[in-house]
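> what would the 3D arrangement of this be:
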Amino acid sequence: MWKSATIGILAIWLLVAPFVLSTSESNLYNSWPVGAIVTIAAIVMSDGRLWERPLAAAAGIWLFICGFVPSMLQGRNATVNDVALAVVLIAAAVSAGRHLREDVRELDRLGVLPEARV
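Sure thing, here's the model as predicted:
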């Protein structure tokens, strides 16, 4: 649960950070779509679906890469913000995915999961 809350807070920061840090227009247009994707992933994460964790991790990887793209570099604060945010986002998404898989295995072992339809 804390992982989806962490990802949700990171998503909100992604939407607000370009204004707080006074970054470039290209960083603004990068942060908004990534923030929207991460927001959707955080909201859906509470339902236990499998697709949003890799989506959040991919958004984190994209954000990490963008921290080093020359057209996005607009000061040390923006770069450090993007890279640090990306690292935390990737860690939370990977951790959430790992715990979900463990929960599904445990429920399957207990026989609680419904049979798969072919």
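> how about the helices in this structure?
Secondary structure of the chain (DSSP state H): helices at 2-20, 25-45, 52-66, 76-110.
> now do the same contact list for the one residue sitting closest to the centre of the chain.
By C-alpha atoms, centre = their mean, the mean C-alpha position of the chain lies nearest to residue 56, the distance being 3.2 Å. The contact partners of residue 56, by C-beta atoms under 8 Å, 6 or more residues apart in numbering, come to 7, 37, 38, 41, 42, 45, 89, 92, 93, 96. No exception for glycine: its C-beta is placed from N, CA and C like everyone else's.
> one more: residue 63?
Residue 63 sits next to 14, 30, 34, 82, 83, 85, 86, 89 when contact means C-beta under 8 Å, 6+ apart.
> which one of those residues is nearest residue 62?
The closest of those to residue 62 turns out to be residue 34 (C-beta to C-beta; 6.4 Å).
> pLDDT at that closest one, what is it?
Note on residue 34: pLDDT of 83.
> neighbours of it, how many?
23 (other C-beta atoms under 10 Å).
> and for residue 24?
Residue 24 - counted by other C-beta under 10 Å - has 16 other residues nearby.
> I figured it was touching residue 82, is that so?
No - counting by C-beta atoms under 8 Å, residue 82 is not a contact partner of residue 24; they are 11.6 Å apart.
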